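In: here is a sequence with its predicted model. Questions after.
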Amino acid sequence: MSSPVPTVGSGAGTASTSGAERDRLVAAVSRRRTFAIISHPDAGKTTLTEKLLLYGGAIHLAGSVKARRAQRHATSDWMALEQERGISVTSSVMQFEYEGYQVNLLDTPGHEDFSEDTYRTLVAADSAVMLLDNRRGVEERTRQLFEVCKRRRTPIFTFVNKCDRAGEDPLKLVSDVEADLDIQCHPVTWPIFDARDISGGFVGVYDRRVDRVHLFARDESHGARIAHAQGGSLRDPATRALLGDATYERLLHDVELLDEAGHPFDRDAVLRGELSPVFFGSALTNFGVEPFLREFLELSPPPLPRESTAGPVEPTGEAFTGFVFKIQANMDPKHRDRVAFVRVCSGRFEAGLEVKHVRTGKRMRLSAPQQFLARERTAVEEAWPGDVVGVLDRGTLRIGDTLSADGDLEFQGIPRFPPEHFARVILADPMKRKQLDAGLRQLTEEGAAQVFFTSPTDVAGPTPIVGAVGMLQFDVMLHRLENEYGVRCRLEKYPGRYPRWVVGPQGDIDRIARDRGRSLLYDAKGHPLILFEEEWGLRWTLERETGVKFYEAAP
């Protein structure tokens, strides 16, 4: 652990001390890599995450969601519900070191019902790894997340997974990705298939950038341990002997075709989000994972400047700045804690740092900072741009809040989404109302749900109404209310799909809400919104009612 920054004062040592700290900041930024993995469900995202942790030395035995005899669960899936269902329903933060790089891996839910969590996490990332199934190529969920990254000009790296199974021809797959997503591709690693295996057995990859063949051997660990590789230069006669003539000729033909007809590598185009480096492998067997990790960390960008209300904020700026992109309660159920995840954008963060909470204008001290391996925590004394720090919070911070050691700038671009599904919450035990209110309040602050009432004074009424972007969020909500707050309840569908917050004279709002197919609700802060049952009714109202203003999210 590094020692605290010396106090800079007057005297002969001031300039050299300042220069030394500047050098530390620049060096720390250059070795940070902060990225998220995006994919369609079941493409193997959680498995790849687990294997990157394995190669990074963060874990010593990789577990799979569908582990043998259910002996292990994936490290990134720490919630009980995730382990039961074998899905990721919340973002995780995992940090580890690999060959001099400090890696911040932001694991995101794959299911579209948790888009809010995924989109916010992508805002905190400097690059993204797009994971594809070698049979299915680009799928709908992948396409949606790719468009989010493209709008933000996020550099995108592609990993074609499950190459240990028969799949699409690699050349056709690359061509389909280019046509489907309108992005150029440059294969960095290329799959090697054994020509003697009638099923085209996957045996390794060829790294075009460093001219090295990586041949992997299967073992009895079923991918739980690091796969050992052998190989050499493609033109080395020993490589031909190792591969066999038929396999070697097939690989040589593909590589020559890529060299002649493929897009050349252009790092500037990668950083602009116009060219995607492509890698092939199998996360399940670990084949191709280490070459991908090594090349990705070298090619992906360090922390990038962030747009703010005061202009771009450079990561090497001396003053600390950061923003909250995620809030998670009860990561440690024994202590009922609440952790705000802060992406450091500039300057040096240190334990006990006093910052300005820009939204409220108040000063606050960031004590007991932590870094994560999913649910596991480690206390830290300092962090640098690109790092994600967990700060214990008593309810002050919200998603999107900016923290600044100097100035009133605010970071922009944290998305907010209106709920699309609504339901009444019916308590099994009315005496548990206090616990229900606490649970719903916390879930709302996390961005996992929104709670509404039928009048601004109904916050203590018997049937609050909850809204969610996806139906699966309701299952998670019920599970967490019961397991974290001891509240059993059921949900009754509430009519309406299209909410709009309204600002204007209360008489006009009441009149508009009285029409058929709509209802008037109030959010937890007392702001009114009208919930429309039909889209045409919403459009009709927006065209004709000019005396009030309508908003998709709370103003």
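Out: Cool, got the structure.
In: all helices of the stretch 351-500 of the chain, in order?
Out: 433-446, 471-485 (DSSP state H, counting those that start in this stretch).
In: if we look at the shortest one, which residues are touching it?
Out: Helix 433-446 has contacts (Cβ atoms under 8 Å, 6 or more residues apart in numbering) with 326-330, 338, 395, 398-399, 425, 427, 449-451, 459-460, 462, 464, 466, 477, 480-481, 484-487, 489, 524. The way it works is simple: take the backbone N, C-alpha and C, and place the C-beta from them, glycine included.
In: now the helices of the stretch 351-500 of the chain as CSV including distance to residue 531, mean neighbour count and mean pLDDT?
Out: Converted to CSV, the helices of the stretch 351-500 of the chain look like this (distance: least, Cβ to Cβ, whole Å; neighbours: other Cβ atoms under 10 Å; pLDDT from 0 to 100):
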stretch, distance to residue 531, mean neighbour count, mean pLDDT
helix 433-446, 17, 19, 83
helix 471-485, 16, 19, 83
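In: make TSV from those and add distance to residue 538 to it.
Out: Shown next, in TSV, are the helices of the stretch 351-500 of the chain (distance: least, Cβ to Cβ, whole Å):
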stretch	distance to residue 538
helix 433-446	24
helix 471-485	21
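In: nearest to residue 27, out of the ones you listed?
Out: With Cβ to Cβ as the criterion, residue 27 lies closest to helix 433-446 of the helices of the stretch 351-500 of the chain, at 35.0 Å.
In: and the residue nearest to residue 524 when sequence neighbours are not counted, what is it in contact with?
Out: Of all residues not flanking residue 524 in the chain, residue 451 sits nearest, at 5.5 Å (Cβ to Cβ, 6 or more residues apart in numbering). Residues in contact with residue 451 (Cβ under 8 Å, 6+ apart) are 440, 441, 443, 444, 464, 465, 466, 467, 523, 524.
In: quick check, nearest of these to residue 554?
Out: Within those, the smallest distance to residue 554 is 6.0 Å, found for residue 523 (Cβ to Cβ).
In: beta partners for that closest one?
Out: residue 452 (DSSP bridges).
In: does it touch residue 454 like I think?
Out: No. The pair residue 523 and residue 454 does not pass the contact test of Cβ atoms under 8 Å, sitting 11.8 Å apart.
In: neighbour count: these two, which is higher?
Out: For residue 523 versus residue 454, the count of surrounding residues by other Cβ atoms under 10 Å is larger for residue 523: 18 against 15.
In: pLDDT value on residue 352, please?
Out: In this model, residue 352 is scored at 89, pLDDT.
In: can you check residue 398 too?
Out: On the pLDDT scale, residue 398 is placed at 86.
In: wait, it touches residue 324, no?
Out: Yes. Contact criterion Cβ under 8 Å: residue 398 and residue 324 qualify, at 6.8 Å.
In: so which of the two has more stuff around it?
Out: Legend: neighbour count by other Cβ under 10 Å for residue 398 and residue 324, higher for residue 324 (24 against 18).
In: the helix or strand where that one lies packs against which elements?
Out: For residue 324, the host element (DSSP states H and E) is strand 321-329. Strand 321-329 is packed against helix 115-124, strand 338-346, strand 402-404, helix 433-446, with contacts defined by 3 or more Cβ pairs under 8 Å, 6 or more residues apart in numbering; DSSP states H and E.
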